[in-house]
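**Q** build me a model from this:
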Amino acid sequence: MHPYVIVVTGIAVVLGLIIFLRINAFIALITAALVVSFLSPAEPAKPDGKNGANRVERVAVAFGDSCEKIGLVIGFAAVIGEAMMRSGAADRIVHAFLKLLGAQKASWALMSSGFVLSVPVFFDTVFYLLVPLARSLYRTTRSNYLLYVCAIAAGGAITHTLVPPTPGPLAMAVNLNISVGMMIVIGLIVAAPAAVIALMVGGWMNRHIKIATLPEFTEDTEESVNARQAEIMRIPLIEGLLPVILPVILISGDTVVDALRPSEGANFFSSMKPWTELLGNPGLALLLSMTLSIITWVRLKKPTAKEFTDAVETALLSGGLVILITAAGGAFGAMLKATNVSSVIQASFQGSNATGLVALLLGFGLATVLKIAQGSSTTAMITVSAMMASMELTQEKLGFHPVYLATSIGGGSLIGSWMNDSGFWIFARMSGLTEAEALKTWTPLLIVLGTVSLLITILLSIVMPLNG
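**A** Reported below is the predicted structural model:
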């Protein structure tokens, strides 16, 4: 069977199960991986004369390989987010931004808070945390409510789709064989200007779109406000920030050292490499970060043994489902590679100088289609990065580092968020907007984020291809 037919069949199975039958993404991806595996050529015999892995076994092996790369990181990240929420460290970061930027730039503080917190914490949790602050600011100013909630959405959504250890970007890094450190560095470079531009668009929306029902409030007593403020300020800012910035420093630091050490000979960075390679291992970096976040939580809140156990188990349960879906996406991608579709695509692009740009637009477009069809950015990123990985588009073929392929897919996964996306409903329900108002605000805001991300990605791939 022709590789293109097998690939289309696999994609049709994923979409059909998720969209029409409402099957969980994990089951859909594993089923599609098995279908593609049975339609693809069998593995050749091994050198010792034994048969290659059978068609079911190779799906299980690919699933396990993906788990090996992402399991620890996602599990630790889930606990970090829970601990930061319960200790008040997340609140401390938000108030630090507000104090730094002042009430006049509260929207920038909210956007910055969402931007930072969505690196280790899932978007829905970040929005739950920050939207009460948007309401509080509106209660004080009686204006700019839509700007405040758009600021939270812009900051949180962009790092959720571009910066590990959030599951989607992490899965793309694994599927496309990109170092996590490189994904963090370039993800942040692409995400920052996209968030700023989206915030400006949010300001335009705030001036031109009227919200029918603005939130009403019961007044808090001055004593309760002061008590809450005092509790939050008990946490030293550096202690609250460490669980976020430590893994970023350690993981990206190893990437920087690796880039600065010579290919031959030795220098200072060569001597540093063994240490940065150890400390920059994503699993170890996230373990250290998790330990710090738990210490802060236990020191300040002193949870009982049952409270502690229940909270950690709740975090791990949510992380476990993400691990299953992510690893299933990796298995699906590995089976697509087994179709030998990469050789067919390479022949199609033979002699073309546009391979890189076509790949960026293809990744962006596929992620957009899948996002619109089934609603989940994470599923779109996992599935499309697995598909693109099957094409084996190396740095030499692309003309730039594959990390830009990942950021283009991440940008596409933001486009077309509507009523089949849980993020749409979180934004609408928590902010108090109607469905029509959310379609006029949230959906265009994410289109801006995704489109700007793609444009910045294309620009960086030209001016900073990261070759060599």
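
**Q** low-confidence ranges, the stretch 301-450 of the chain, go.
**A** Applying pLDDT under 70 to the stretch 301-450 of the chain flags residues 342-343, 345-354.

**Q** what are the ranges of the helices in it?
**A** Listed in chain order, the helices of the stretch 301-450 of the chain (DSSP state H, counting those that start in this stretch) span 305-337, 341-348, 355-374, 377-389, 395-398, 403-412, 422-431, 435-463.

**Q** okay, residue 191 and residue 312: tell me how far apart.
**A** Taking C-beta to C-beta, to the nearest Å as the criterion, residue 191 is separated from residue 312 by 29 Å. All C-beta atoms are positioned from the backbone trio N, CA, C, and that covers glycine.

**Q** so which bits of the helix or strand harbouring residue 183 are buried?
**A** Taking DSSP states H and E as the definition, one finds residue 183 inside helix 180-208. By neighbour count, and taking 16 or more other C-beta atoms under 10 Å as the criterion, the buried residues in helix 180-208 are 180-192, 194-199, 201-203, 205-206.

**Q** ok, stretch 331-346 next?
**A** Neighbour counts using 16+ other C-beta under 10 Å place 331-339, 341-342, 345 of stretch 331-346 among the buried residues.

**Q** can you add distance to residue 306 and give those back as a markdown table?
**A** As requested, these are arranged in a markdown table below (distance: C-beta to C-beta, whole Å):
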| residue | distance to residue 306 |
| --- | --- |
| 331 | 37 |
| 332 | 39 |
| 333 | 41 |
| 334 | 41 |
| 335 | 43 |
| 336 | 45 |
| 337 | 46 |
| 338 | 47 |
| 339 | 50 |
| 341 | 52 |
| 342 | 52 |
| 345 | 55 |
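
**Q** and those, which two are furthest apart?
**A** For the buried residues of stretch 331-346, with distances taken as C-beta to C-beta, the pair at the greatest spread is 331 and 345 (20.7 Å).

**Q** possible to save the helices of the stretch 301-450 of the chain as a markdown table with distance to residue 162?
**A** Formatted as a markdown table, the entries for the helices of the stretch 301-450 of the chain read as follows, by distance: least, C-beta to C-beta, whole Å:
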| stretch | distance to residue 162 |
| --- | --- |
| helix 305-337 | 16 |
| helix 341-348 | 25 |
| helix 355-374 | 12 |
| helix 377-389 | 10 |
| helix 395-398 | 18 |
| helix 403-412 | 5 |
| helix 422-431 | 15 |
| helix 435-463 | 7 |
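
**Q** highest mean neighbour count out of those helices?
**A** Most buried of the helices of the stretch 301-450 of the chain by mean neighbour count (mean count of other C-beta atoms under 10 Å) is helix 403-412; its value is a mean of 31.

**Q** mean confidence for the helix or strand where residue 240 lies?
**A** Secondary structure here is read from DSSP H and E; on that basis residue 240 sits in helix 237-260. Regarding helix 237-260, the rounded mean pLDDT is 85.

**Q** who are the packing partners of the helix or strand that that helix is followed by?
**A** Sequence order places helix 268-279 as the next helix or strand after helix 237-260, per DSSP H and E. If you count contacts as 3 or more C-beta pairs under 8 Å, 6 or more residues apart in numbering; DSSP states H and E, helix 268-279 packs onto helix 237-260.

**Q** by contact count, what packs against the helix it packs on?
**A** Under the contact definition 3+ C-beta pairs under 8 Å, 6+ apart, helix 237-260 sits against helix 55-87, helix 89-101, helix 180-208, helix 268-279, helix 282-301.

**Q** of those, which is nearest residue 11?
**A** Between residue 11 and the helices and strands packed on helix 237-260, the tightest spacing by C-beta to C-beta is seen for helix 55-87, at 16.5 Å.

**Q** that closest one: how far from the chain's middle?
**A** In terms of C-alpha atoms, centre = their mean, to the nearest Å, the centre of helix 55-87 is found 14 Å from the chain centre.

**Q** tell me the buried residues in it?
**A** For helix 55-87, a neighbour-count test (16+ other C-beta under 10 Å) marks 55, 58-59, 62-63, 66-67, 69-87 as buried.

**Q** grab the nearest non-local neighbour of residue 242.
**A** For residue 242, the nearest residue in space outside its immediate sequence neighbours is residue 292; the separation is 5.1 Å by C-beta to C-beta, 6 or more residues apart in numbering.

**Q** same question for residue 163.
**A** In this structure, residue 163 finds its nearest non-sequential neighbour in residue 187, 4.1 Å apart by C-beta to C-beta, 6+ apart.
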